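> With the sequence up front, the predicted model follows.
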Number of protein chains: 2
Amino acid sequence: MDGRNGEERIVHEVAIVVPKRVREEEEEGDCVEVLVSELKKRGMVVDRVVGLADEFLKVAAPLETLGSAAAELHIRKPTRLGIDLPFEVQGSEAFFRQPDGSLFSWFERFHCYQHLLYGIVNSDGYDVTLKLDDKEFCWAAGESLVRRLESEGVIKQMFPLHDELNRKELLKTWALNWWNFTNQPIDQIYSYFGAKIGVYFSFLGMYTRWLLFPALLGIIVQMIDFGSLQFLVLPSFFVSTILWAALFLQFWKRKNAALLARWQINYLVGPSQGYRFIGMEWSSLPFPKELIKNLGNEKFKEKEAYQRYEWFAYRKRFRNDVLVIMTIICLQLPFELAYAHIYEIITSDTIKFLLTAIYLLIIQYLTRLGGKVSVKLINREINESVEYRANSLIYKVFGLYFMQTYIGIFYHVLLHRNFMTLRQVLIQRLIISQVFWTLMDGSLPYLKYSYRKFRARKKKKSEGGPSTGKILIASRVEKEYFKPTYSASIGVELEDGLFDDFLELALQFGMIMMFACAFPLAFTLAAVSNVMEMRTNALKLLVTLRRPLPRAAATIGAWLNIWQFLVVMSICTNSALLVCLYDQEGKWKIEPGLAAILIMEHVLLLLKFGLSRLVPEEPAWVRANRMKNVTQAQDMYCKQLLRSISGEFSSMARTQQESE
Amino acid sequence: MDGRNGEERIVHEVAIVVPKRVREEEEEGDCVEVLVSELKKRGMVVDRVVGLADEFLKVAAPLETLGSAAAELHIRKPTRLGIDLPFEVQGSEAFFRQPDGSLFSWFERFHCYQHLLYGIVNSDGYDVTLKLDDKEFCWAAGESLVRRLESEGVIKQMFPLHDELNRKELLKTWALNWWNFTNQPIDQIYSYFGAKIGVYFSFLGMYTRWLLFPALLGIIVQMIDFGSLQFLVLPSFFVSTILWAALFLQFWKRKNAALLARWQINYLVGPSQGYRFIGMEWSSLPFPKELIKNLGNEKFKEKEAYQRYEWFAYRKRFRNDVLVIMTIICLQLPFELAYAHIYEIITSDTIKFLLTAIYLLIIQYLTRLGGKVSVKLINREINESVEYRANSLIYKVFGLYFMQTYIGIFYHVLLHRNFMTLRQVLIQRLIISQVFWTLMDGSLPYLKYSYRKFRARKKKKSEGGPSTGKILIASRVEKEYFKPTYSASIGVELEDGLFDDFLELALQFGMIMMFACAFPLAFTLAAVSNVMEMRTNALKLLVTLRRPLPRAAATIGAWLNIWQFLVVMSICTNSALLVCLYDQEGKWKIEPGLAAILIMEHVLLLLKFGLSRLVPEEPAWVRANRMKNVTQAQDMYCKQLLRSISGEFSSMARTQQESE
């Protein structure tokens, strides 16, 4: 296995940026020296690289160091017993291994690194004076060294480093392997980037694969003339795309369950929040400590306190949601409608162009404002977990984008019944958005990287006096330092760059589904665009950006609900479109045609919700495998377990009785 | 606690009916004697009661006997570790106790009784000859005695016995406690009847309590004239009832979760099948044994085999569902429509009456036929568990009843727009069904009981020669023997009497919801009827029927989905009703009114599905409590657990490597 070799190969996974030393001679109490020696003392391997303007400490932690950190953190990991237990070094054989054979996932490793770095405290019992060139400052007893250095500005940044060996492997097998079409080495992506990005690429791949069916259907509908049956073509295309979408989402859930089973991530399937982790720290409940401590002593009072607390949190959330929805309806909706209306009225092309430019500027600003307001609102909420907060943000921001993207189109369709304009708008948006996002993804990070490199060189030149020719940046770590991070255009603290990627996909899905009847070829455009998307995203992650921080997520979370919502919406909008198409004279009569469309709409809505019950969300083999593993292990240890527990509890009960 | 005393009090919970001995003298090898001595040998307490025509063996099992039976059965019970483990006598302190303080629930006890009774085998190694009066038969070595006696007709019946002390207590605090209104001693009901009946009564109580709100609203809408705003009254009544229903179902899920937490029943919340048990035997997967054994050896092949197996089972189920739906649509729908149409055409009242009588006879027969066909179809399916099969049956039979009950009403409304007739039909059906079901529930069992008693007395008289006066039935167990069982009118092997009770409730709910706009007072009628229902059902279970066999269920299962479906249907039907009401001239124009109704319908549908995401299904205190208990125990034992597991697994891995 790769893991066996990997334990010997030392991989520097975190970089710390500190200032370059000005004087050459070694000094007593130099803070960088102290940091390096402390890191080494804690069992880490440090590699020092001197760059143009800064020095880089590349840190690696051997398995033993990571293990002891994980044990200190009580990281809960799935065991062969079927439950998650806090990690212990002596019992490491009991924990499931990652698909690549290693003991810790990238998320867990990074968590351990952070613990190790921030856990360096002054244990001498007295304050130590540290020096940096001419500055002096004091490292108090019991204080974290890294935190102190960060606040003093010595540590400029800390970021995860690419693992060159795996990165090159991935480049070869994934990003540049164009002939692989939609197949991706998902397990390797998971091992390298963590579960959240792994799940995203798995979703993107499956979506693109499934898109081929309606893409083909779209071409057939567009190209072939069915003669006297032509009036049936669009309704049947509508029905088949809706069924396709509902099935796709249901099968995605199955695929997701299979992925989690392969990656050994334990979860509880819950209809309200998608998937919930069991026993992981980051989804622990934010109940006040006193509440939890008292639970079980006075049952009835406690229950009430919890309920009061729950409703308090719920009321706050509800108020926020109402606020956001009302803002979108009362402020954004009129604005968008006004733009669409003015656009429809104006005849001059130049004024139209000017108007659009102004509009685009305003919405850029408004979206950013909306995002900031949403983040503020969410920070005031009492939410269960970071995951839940992120989902809450996604819903709110998606509401903004939804209005922005589609309301103008609805206006064109429903009030002006202008199908030609609609088709033009759809093509424009699909192509423009594809080009726009590709440019954003591909060029912007590179421009940022180049600018930073240029600035660093210039600085070096002006400092170094008369230099000879070009200054080369030799070290890989410095190059990575110049690369931009994988961050969202909105709400940096809650989401990473995946937010933008998912948003792009969802807006595209909404566009092609909601107006399927007006423009069947959109599916074909989307399929082509997604095949491109997959590779550009891969290249972005592997080449133009720093390695992203790993995030905990086992599913696509809120996005699944948004897609479900888009499918339901598209049942309604396509029905409206069909009514418009077959009722060109504007009589609005309920004739057999309209009645038939209404009935079809209702049947489809029922089917959509029925389907989610018909197709089981977890494949049979996943369930069987889990059951088998769990019951086997439980039965093996049940006797010794029970004896120890019951002994403990009966002695506890005895002491309780005595104290009473 | 009650449990501490209960352990000492001997409760005879199972009765075995055997023939009365004809001769007085004791005989060697009399099979009843052998049975009694074997029962006593296995640690049971037997009480022999001689009745009119039969002898009754009342069997009780002390806690030790039950415990060893549970350990032999490997009954899985929730432990303080957060997982279900097979029961062990030595570790009994580790298992959660029932709310009444006893170790085993009634379901588990009954399971143990069955195991104990059927587990009496001939362990002498040679065949034993048993006698019954003059008949002789052989009890082969290794054969189960009870099974042998059953097949010889010696054991006529075995049924669970009422526990007189608890029964009287329940009668006093529950069935006859009319002033308690909708409050019921749910925990006691659960302890006495098991989880399924406990959940039913909890649901009925909550439904009735919630019904008071729309009942009041219905009275207000019916009685008060709102003047110029009258046209808004019905739409707002419609909206509020739909929201009420959606909220009710969501809050029921919370209540159910709270109940399960109180009763210490572990479950997994799954959106597809409602709730799933973990690790309970009766929901174990029916995968072929070879599949499970091989799992894990050749991963890829196995996955495929499972998938093939899953799709095979799915295809069979799907074919059956399509068959049932097509039968209902193609055979039942025309039949019902024909009846409604003929009823509408005929003017003579006598012919109408005759027609209705014939119709009722035919549907009685058809429903029974449909039920039998459904049971046959389900028996051919490969289903995951008994629970799943029962649900499958419920869906199919409810489909039949749905068509039968509502399609005629739809016909009256939509085609003839006869609102007066509709109201009359609704009142008739609500009152008639209430009277009919009360009669069925109350009198039929009593009649059966009286008839059986009468026959037994007559037989005794004819045998006993010249008797003096009336023969009294003195023993309680004989009286119970004459009482009928709690059984469903359909599909006895899959469901008990709860099927009829739930069906009644669901049909009532559909009636009042789907035609809410036509007859708001229906809610009031339903509320009154349900208050009655609760008490009559309680009396039925406690007085007129035998104690029901306990069944495993943690939720109302398929019925919840049916109620959800009825809410969605009622959004559509009420919209149609409103269109009819406001469009009396039959113009069918999409004017502002119709458009408004359509929009309202769609918004409500969205809200209905949104709500299920907004209100969490599990109360916060339940979750907090579970998390606290589980993590506490897990952390306490984690070290010793891990060491033992990892030791075991590493030695296993070593032997595997060596064998390779």
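Arrived safely. Quick caveat, the model's predicted, so the values are computed rather than measured.
> and A:Leu52, that one's in a strand?
No: read with DSSP: H, G, I helix; E, B strand; the rest coil, A:Leu52 is coil and lies in no strand.
> Please report the distance of it from A:Lys460.
Distance, A:Leu52 to A:Lys460, by Cβ to Cβ, to the nearest Å: 5 Å. The way it works is simple: take the backbone N, C-alpha and C, and place the C-beta from them, glycine included.
> And A:Arg476, by the same measure?
Computed as Cβ to Cβ, the A:Arg476 to A:Lys460 distance reads 18 Å.
> Then A:Trp174?
On the measure of Cβ to Cβ, A:Trp174 and A:Lys460 end up 36 Å apart.
> just A:Leu581 next, same as before
In this view, A:Leu581 and A:Lys460 are 65 Å apart by Cβ to Cβ.
> cool, and A:Val32?
For A:Val32 relative to A:Lys460 (Cβ to Cβ), the value is 20 Å.
> These two - which one has more neighbours?
Using other Cβ atoms under 10 Å in any protein chain shown, the more surrounded residue of A:Val32 and A:Lys460 is A:Val32, with 22 against 15.
> Show me what the helix or strand harbouring the more buried one is packed up against.
Assignment of secondary structure by DSSP states H and E places A:Val32 within helix A:31-41. Counting contacts by 3 or more Cβ pairs under 8 Å, 6 or more residues apart in numbering or on different chains; DSSP states H and E, helix A:31-41 packs against strand A:14-19, strand A:45-50, strand A:54-60, strand A:128-132, helix A:145-152.
> repeat that with 10 Å
When contacts are defined as 3 or more Cβ pairs under 10 Å, 6 or more residues apart in numbering or on different chains; DSSP states H and E, helix A:31-41 sits against strand A:14-19, strand A:45-50, strand A:54-60, helix A:106-118, strand A:128-132, strand A:135-139, helix A:145-152.
> Output the first one as CSV, restricted to C-alpha atoms.
This points to strand A:14-19. Extracted in CSV, the C-alpha atoms of strand A:14-19 (Å, rounded to 0.1, in the frame of the first residue of the first chain):
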residue,chain,number,x,y,z
VAL,A,14,2.3,23.4,6.4
ALA,A,15,4.4,26.5,5.7
ILE,A,16,5.1,29.3,8.2
VAL,A,17,6.2,32.7,6.7
VAL,A,18,8.6,34.6,8.9
PRO,A,19,10.9,37.7,8.0
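> Look up the pLDDT of A:Ser236 for me, please.
The model reports A:Ser236 with a pLDDT of 88.
> How about the one 10 residues further on?
At A:Ala246, the predicted lDDT confidence score is 87.
> That one belongs to a helix?
Yes: according to three-state DSSP, A:Ala246 belongs to a helix.
> Please report how far the residue lying closest to A:Arg546 once chain neighbours are set aside lies from A:Ile490.
Among residues not flanking A:Arg546 along the chain, A:Lys483 sits closest, at 4.8 Å (Cβ to Cβ, 6 or more residues apart in numbering or on different chains). Applying Cβ to Cβ, the value for A:Lys483 to A:Ile490 is 21 Å.
> With A:Ala518 instead?
Remark: distance between A:Ala518 and A:Ile490 (Cβ to Cβ) = 30 Å.
> in which helix or strand would I find the nearest residue to A:Ser489 once chain neighbours are set aside?
In this structure, A:Ser489 finds its nearest non-sequential neighbour in A:Asp500, 5.6 Å apart by Cβ to Cβ, 6+ apart. Secondary structure assigned from DSSP H and E places A:Asp500 in helix A:498-514.
> Check the average confidence over that helix, would you?
Averaging pLDDT along helix A:498-514 yields 89.
> for the helix or strand following that helix, which positions count as buried?
Using DSSP H and E, the next helix or strand after helix A:498-514 towards the C-terminus is helix A:522-539. By neighbour count on 16 or more other Cβ atoms under 10 Å in any protein chain shown, the buried set for helix A:522-539 is A:522-527, A:529-531, A:533-534, A:536-539.
> now what about stretch A:318-325, what contacts it?
Residues from elsewhere that reach stretch A:318-325 (Cβ atoms under 10 Å, 6 or more residues apart in numbering or on different chains): A:311, A:370, A:373-374, A:376-378, A:380-381, A:392, A:395-397, A:399-400, B:614.
> Swap in 6 Å and give it another go.
The contact list for stretch A:318-325 (Cβ atoms under 6 Å, 6 or more residues apart in numbering or on different chains) reads A:377, A:396.
> With just CA atoms, put that stretch into PDB.
The C-alpha coordinates for stretch A:318-325 follow below in PDB (Å, rounded to 0.1, in the frame of the first residue of the first chain):
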ATOM      1  CA  PHE A 318     -37.100  32.700  11.800                       C
ATOM      2  CA  ARG A 319     -37.000  36.400  12.300                       C
ATOM      3  CA  ASN A 320     -33.800  36.600  10.200                       C
ATOM      4  CA  ASP A 321     -35.300  34.400   7.500                       C
ATOM      5  CA  VAL A 322     -38.400  36.600   7.300                       C
ATOM      6  CA  LEU A 323     -36.300  39.700   7.200                       C
ATOM      7  CA  VAL A 324     -34.200  38.300   4.300                       C
ATOM      8  CA  ILE A 325     -37.200  37.100   2.300                       C
END
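> Return the set of buried residues in it.
For stretch A:318-325, the neighbour count (16+ other Cβ under 10 Å) marks A:320-321, A:324 as buried.
> Same question for stretch A:112-127.
Per 16+ other Cβ under 10 Å, stretch A:112-127 contains these buried residues: A:112-114, A:116-117, A:120-122.
> Quickly name whichever of those is closest to chain B.
A:Cys112 (18.1 Å; Cβ to the nearest Cβ).
> and that closest one, what does it touch?
Applying Cβ under 6 Å, 6+ apart, the residues near A:Cys112 are A:66, A:69-70.
> burial count for A:Phe402?
Neighbours around A:Phe402, by other Cβ under 10 Å: 19.
> One more: A:Met403?
A:Met403 has 20 neighbours, counted by other Cβ under 10 Å.
> Now that we're looking at A:Ser228, what pLDDT does it have?
80.
> Just send the buried residues of stretch A:318-325 back as a markdown table, with secondary structure and pLDDT too.
Listed next are these as a markdown table, based on DSSP: H, G, I helix; E, B strand; the rest coil; pLDDT from 0 to 100:
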| residue | secondary structure | pLDDT |
| --- | --- | --- |
| A:Asn320 | helix | 87 |
| A:Asp321 | helix | 85 |
| A:Val324 | helix | 88 |
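> ok, the residues you listed vs chain B, which is closest?
Closest to chain B, out of all of those and judged by Cβ to the nearest Cβ, is A:Asp321, at 8.4 Å.
> about what we covered before: and the contacts of A:Cys112, which is closest to A:Leu560?
A:Ala70 (30.8 Å; Cβ to Cβ).
> Count the neighbours of that closest one for me.
Counted with other Cβ under 10 Å, A:Ala70 comes out at 25.
> For it, which non-adjacent residue is spatially closest?
Once flanking residues are discounted, A:Ala70 sits nearest to A:Phe87: 4.4 Å by Cβ to Cβ, 6+ apart.
> Neighbours of that neighbour, how many?
28.
> Figure out the helix or strand that A:Gly408 lives in.
helix A:386-416.
> is that helix up against chain B anywhere?
No: using Cβ under 6 Å from any Cβ of the partner chain, helix A:386-416 stays clear of chain B, coming no nearer than 10.0 Å.
> Measure how far the next helix-or-strand element following that helix is from the centre of its chain, please.
The helix or strand immediately downstream of helix A:386-416 is helix A:419-464, counting by DSSP H and E. Distance, stretch centre to chain centre, for helix A:419-464: 21 Å (Cα atoms, centre = their mean, to the nearest Å).
> helices or strands next to helix A:419-464 in the packing?
Judged by 3 or more Cβ pairs under 6 Å, 6 or more residues apart in numbering or on different chains; DSSP states H and E, helix A:419-464 is in contact with helix A:386-416, helix A:476-482, helix A:522-539.
> I'd like these as JSON lines, with distance to B:Leu415 and mean pLDDT appended.
Formatted as JSON lines, those follow (distance: least, Cβ to Cβ, whole Å; pLDDT from 0 to 100):
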{"stretch": "helix A:386-416", "distance to B:Leu415": "31", "mean pLDDT": "81"}
{"stretch": "helix A:476-482", "distance to B:Leu415": "74", "mean pLDDT": "85"}
{"stretch": "helix A:522-539", "distance to B:Leu415": "40", "mean pLDDT": "89"}
